[in-house]
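Visitor: Okay, sequence plus prediction incoming.
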Amino acid sequence: MTKPKVFITRRIPDAGLSLIYDACEVDLWDKDLPPSKEELLQYVPGVDGILSLLSDPIDSDVIQAAGDKLRVISNYAVGYNNIDIREATQRKIAVGNTPGVLTDATADFAFSLMMSAGRRVVEAEKHVRAGKWKTWGPSTLLGVDFAGATLGIIGFGRIGKAMARRATGFGMRILIYDPTAQAMAEIIKVDLDTLYRESDFISIHTPLTPETKHMINAAAFARMKSNVVLVNTARGEIVDQEALYDALKNHRIFAAGIDVSDPEPLPMDSPLLELDNLIICPHIASASTSTRENMALIAAGNLLAGLKGERLPFSVNPEIYN
């Protein structure tokens with residue numbers, strides 16, 4: 001019996017990859033850098049399935065180039081803004097993602113970024129390595145307090161809720177902005193203006209949509225406290241980076257920690273790299289060994305289910321089954 005043909009856009013952990021190799025004819029892009037749009041168009045024709053990463057633009061051109069055999073697109077990520085869901089749905093192509101499994105790892109990292117930026121950990125480490133540590137000083141590298149502070153969470157899905165659980169251990173007051181969420185015990189649902197105005201820390205956990213693109217802009221920064229710390233582990237496009245630079249450079253806000261940028265990777269001539277009050281990480285919030293292995297298992301499970309014509313365990317467009 002002929003095995004289904006799949007294209008995998010990058011090497012994923014063996015826990016999932018081995019399952020796919022056992023069941024499929026695999027074409028693997030085994031390079032560190034992702035395939036370009038032109039290379040995707042070259043490799044997808046005739047495939048039954050695609051396993052993609054969030055950096056791969058699986059748009060209408062790629063989906064159409066794959067042809068009528070394409071049955072499933074499995075994204076090795078929670079987010080799926082890199083995929084043209086409308087095109088896939090119109091063609092009855094199942095699209096899957098990897099939710100839930102990276103919740104705790106991402107929340108841990110977001111909280112770590114928040115604490116590191118607020119207490120100037122990276123800046124202090126650089127201070128030592130540069131030979132600037134001469135003595136203990138009452139005013140050296142002063143940061144902001146966490147205990148009793150107000151944390152504003154934008155987007156109250158799995159990761160936003162996990163962030164709130166961590167914040168309760170610090171006795172933080174928690175505000176949330178999410179039109180679809182319900183207020184919970186000790187969680188206060190507010191509008192964006194209130195969240196901006198009252199938060200000492202703001203952590204972004206909303207999906208990237210046309211409505212959320214650049215929602216953190218110059219007008220938003222103007223409404224925030226001057227001592228606020230902003231954290232973004234969601235998507236880079238949610239924050240207007242020019243406005244972020246201006247807010248940090250002019251000390252309109254205290255500090256920020258970002259694990260995502262627009263574009264990724266951030267160009268080395270970006271002015272953001274000049275700032276001492278900004279921590280920039282290379283999109284590693286889910287980068288724990290067990291999390292990435294579990295993501296691989298889920299992505300493989302979605303891919304194999306779609307190839308069999310079965311409902312995906314984690315479906316982005318379940319309406320195709322109606």
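Guide: Yes, it's here. Model, not experiment: these values are computed from the prediction.
Visitor: Now the residue nearest the centre of the chain. Nearest residue, chain neighbours left out?
Guide: The centre of the chain sits closest to A234, judged by CA atoms, centre = their mean, with a distance of 3.6 Å. Once flanking residues are discounted, A234 sits nearest to I204: 4.8 Å by CB to CB, 6 or more residues apart in numbering. Bear in mind the C-beta positions are built from the backbone N, C-alpha and C, glycine included.
Visitor: pretty sure that neighbour contacts I216?
Guide: Yes. Between I204 and I216 there is a contact under CB atoms under 8 Å: 7.0 Å.
Visitor: Now the common contact residues for these two.
Guide: L230, N232, I238, V239 (CB atoms under 8 Å, 6 or more residues apart in numbering).
Visitor: thinking again about what came up before, just list the residues touching the residue nearest to the centre of the chain, thanks.
Guide: Contacts of A234 by CB under 8 Å, 6+ apart are G79, G155, I204, H205, T206, P207, L208, V260.
Visitor: now those as CSV including pLDDT, neighbour count and secondary structure?
Guide: Formatted as CSV, these follow (pLDDT from 0 to 100; neighbours: other CB atoms under 10 Å; DSSP: H, G, I helix; E, B strand; the rest coil):
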residue, pLDDT, neighbour count, secondary structure
G79, 90, 17, coil
G155, 97, 22, coil
I204, 98, 25, strand
H205, 98, 26, coil
T206, 96, 21, coil
P207, 93, 15, coil
L208, 93, 19, coil
V260, 98, 23, coil
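Visitor: Kindly provide the distance from I83 to I187.
Guide: 32 Å (CB to CB, to the nearest Å).
Visitor: okay, those two: which has more neighbours?
Guide: I83 (26 against 19; other CB atoms under 10 Å).
Visitor: and A162, which of the three is it?
Guide: helix (DSSP: H, G, I helix; E, B strand; the rest coil).
Visitor: how about the strands in the stretch 151-300 of the chain?
Guide: 173-177, 187-189, 201-204, 229-232, 255-258, 278-280 (DSSP state E, counting those that start in this stretch).
Visitor: Quickly compare these and say which is most buried.
Guide: Neighbour counts (mean count of other CB atoms under 10 Å) averaged over each of those peak at strand 229-232, with a mean of 28.
Visitor: Quick check: can you name the pairing partners of that strand and their directions?
Guide: Each strand paired with strand 229-232, and its direction, by DSSP bridges: strand 201-204 (parallel), strand 255-258 (parallel).
Visitor: closest one to S60 among those?
Guide: Set against S60 and scored by CB to CB, the strands paired with strand 229-232 come closest in strand 201-204, at 28.2 Å.
Visitor: Now the closest one - C-alpha only, CSV.
Guide: Provided in CSV are the C-alpha atoms of strand 201-204 (Å, rounded to 0.1, in the frame of the first residue of the first chain):
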residue,chain,number,x,y,z
PHE,A,201,2.9,45.2,34.9
ILE,A,202,1.2,44.2,31.6
SER,A,203,1.6,40.8,30.0
ILE,A,204,0.3,40.1,26.5
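Visitor: List the contacts of that strand.
Guide: Residues outside strand 201-204 that contact it (CB under 8 Å, 6+ apart) are 110, 114, 118, 146, 149-155, 160, 163, 172, 195-196, 216, 224, 228-234, 238-239.
Visitor: Tell me the buried residues within those.
Guide: Buried residues within the contacts of strand 201-204, counting neighbours by 16 or more other CB atoms under 10 Å: 110, 114, 118, 146, 149-155, 160, 163, 172, 195-196, 216, 224, 228-234, 238-239.
Visitor: Now, these that are in helices?
Guide: A110, M114, G118, G160, M163, L195, Y196 (DSSP state H).
Visitor: I'd like to know how far the third one sits from C281.
Guide: Shown here: G118 relative to C281, a distance of 15 Å by CB to CB.
Visitor: want to try JSON lines for the strands of the stretch 151-300 of the chain, with distance to Y21 as columns?
Guide: As requested, these are exported to JSON lines (distance: least, CB to CB, whole Å):
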{"stretch": "strand 173-177", "distance to Y21": "43"}
{"stretch": "strand 187-189", "distance to Y21": "45"}
{"stretch": "strand 201-204", "distance to Y21": "37"}
{"stretch": "strand 229-232", "distance to Y21": "36"}
{"stretch": "strand 255-258", "distance to Y21": "36"}
{"stretch": "strand 278-280", "distance to Y21": "36"}
